[in-house]
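In: sequence and predicted structure below; questions after.
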Amino acid sequence: MKKYLICFSLLFIGFLGAQDTTKNKKDQYVHAEITKKDGQIMNVLLYKMKVLKISTFKEILGGQGYYPRTKLEYKTSETSPAEKMDGKEIAGLKFLDKDNDEVLRYEKLRIKEFDKNGVLKDTKKEIFLPQVYDGKIGIYGDPVTECVNLSRKPNSPLDCEYMHSIFYLKNNQENFVIMPLDINLFDINRSFDNFVNAFKVAGKECPEFSKYLEFFRKKMEDKSFQKEMRKNIIEYRKEVKKQARENQLNMVETLDFTTRKMFFYEANLYIGIVKEYEKSCP
């Protein structure tokens, strides 16, 4: 059953706070469900200081999300002693609320990418990713922020800005993801090809969807379409920042608000294409 994982945004607003003022360590654990690589499922209390924000979670687990190796601290009950688990033992992770309903889910997935000849290759890398959209084609994503110390003084507050978001596609019968758009790839025609081909791989054999993707590929080359896309995202970002000022948000709140809004704005492009797939290939 497909669904929007709107609760994903809760990560930005304090469920797993980046800074916890609670002095009692007992209160710094959150309910979580860990799925181990051997299939074992564990309901635990996970020490939440290990998980900061979506943009840093992959780094907490180690190596920019690749080959996770950090040990996570957890307890099997409130009275049990703390234990540690190596990140490489974990296949998936769900954060739960007080009613044990899912708030956020991470999956460890293999990454495949297209080489310069358009051939899909296994990178032999793994990454923990949260799911944004659950359907026949799943969408996973991660917002990217950049922080600088403007004062250049040690331990000074960082000034952080939302940059962009990275999205991945996964056919629900596969265990790997593909990144349709790599902003570091400066060959625009190759970027367009990779974008369309990633959806073709995720959609498998579906002639009607392939026709739609060929139409979309031509549309991407249209200069007026590109101009409109740039204009819309710039205007939306200005509006989001305006809303943040009107709501008198502080610096941290503004970053979270802007990141959440921009992330879902960009995600809607991918969701829209997946909906075309669901319409063409029920």
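Out: Nice, thanks for sending it over.

In: could you pull out the helices in the chain for me?
Out: When secondary structure is read from DSSP state H, the chain shows helices at 54-60, 188-203, 207-221, 223-246, 251-280.

In: and the ones you listed, which one averages the lowest pLDDT?
Out: Ranked by mean pLDDT, those bottom out at helix 54-60, which scores a mean of 39.

In: still on that earlier bit, mean neighbour count and distance to V44 for the helices of the chain - can I get that in JSON lines?
Out: The way it works is simple: take the backbone N, C-alpha and C, and place the C-beta from them, glycine included. Converted to JSON lines, those look like this (neighbours: other Cβ atoms under 10 Å; distance: least, Cβ to Cβ, whole Å):
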{"stretch": "helix 54-60", "mean neighbour count": "18", "distance to V44": "17"}
{"stretch": "helix 188-203", "mean neighbour count": "18", "distance to V44": "32"}
{"stretch": "helix 207-221", "mean neighbour count": "14", "distance to V44": "40"}
{"stretch": "helix 223-246", "mean neighbour count": "12", "distance to V44": "36"}
{"stretch": "helix 251-280", "mean neighbour count": "18", "distance to V44": "26"}
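
In: so which of those helices gets nearest R152?
Out: The closest of the helices of the chain to R152 is helix 251-280. By Cβ to Cβ, the value is 17.5 Å.

In: tell me the angle of that closest one relative to helix 207-221?
Out: If you take axes from the mean of the first three to the mean of the last three Cα atoms, to 10 degrees, helix 251-280 sits at 130 degrees to helix 207-221.

In: can you give me the angle helix 251-280 makes with helix 223-246?
Out: Angle of helix 251-280 versus helix 223-246, following the same axes, to 10 degrees, is 140 degrees.

In: just list what helix 251-280 packs against, helices and strands only.
Out: In terms of contacts (3 or more Cβ pairs under 8 Å, 6 or more residues apart in numbering; DSSP states H and E), helix 251-280 is packed against strand 120-134, strand 137-148, strand 159-171, helix 188-203, helix 207-221, helix 223-246.

In: and the first one, what does it pack against?
Out: The criterion is 3+ Cβ pairs under 8 Å, 6+ apart, and the helices and strands that strand 120-134 contacts are strand 3-4, helix 54-60, strand 102-114, strand 137-148, strand 176-178, helix 251-280.

In: try 6 Å this time
Out: Under the contact criterion of 3 or more Cβ pairs under 6 Å, 6 or more residues apart in numbering; DSSP states H and E, strand 120-134 touches strand 102-114, strand 137-148.

In: what sits against R105?
Out: Residues counted as contacts of R105 (Cβ atoms under 6 Å, 6 or more residues apart in numbering) are 94, 131.

In: in the sheet, who's paired with it?
Out: Beta-bridge pairing of R105 under DSSP bridges involves K94.

In: for G138, same thing?
Out: With DSSP bridges as the rule, G138 is bridged to K170.

In: count the residues that sit near it.
Out: When counting by other Cβ atoms under 10 Å, one arrives at 23 neighbours for G138.

In: does it touch K170 like I think?
Out: Yes: between G138 and K170 there is a contact under Cβ atoms under 6 Å: 4.5 Å.

In: so where's the stretch 51-200 of the chain uncertain?
Out: Within the stretch 51-200 of the chain, the ranges that satisfy pLDDT under 70 run 51-70, 150-151, 155-157.

In: one more time with 80
Out: Applying pLDDT under 80 to the stretch 51-200 of the chain flags the ranges 51-71, 87-88, 98, 103-105, 126-128, 147-159, 183-187.

In: quick one on the thing from earlier: E126: which of the helices of the chain is closest?
Out: Ranking the helices of the chain by proximity to E126 (Cβ to Cβ) places helix 54-60 first, at 10.4 Å.

In: burial of the closest residue to E83 other than its chain neighbours, as a residue count?
Out: Among residues not flanking E83 along the chain, Y74 sits closest, at 6.0 Å (Cβ to Cβ, 6 or more residues apart in numbering). As a burial measure, Y74 scores 20 neighbours (other Cβ under 10 Å).

In: bridge partners for Y74, pull those for me.
Out: Counting by DSSP bridges, Y74 is bridged to L46, E83.
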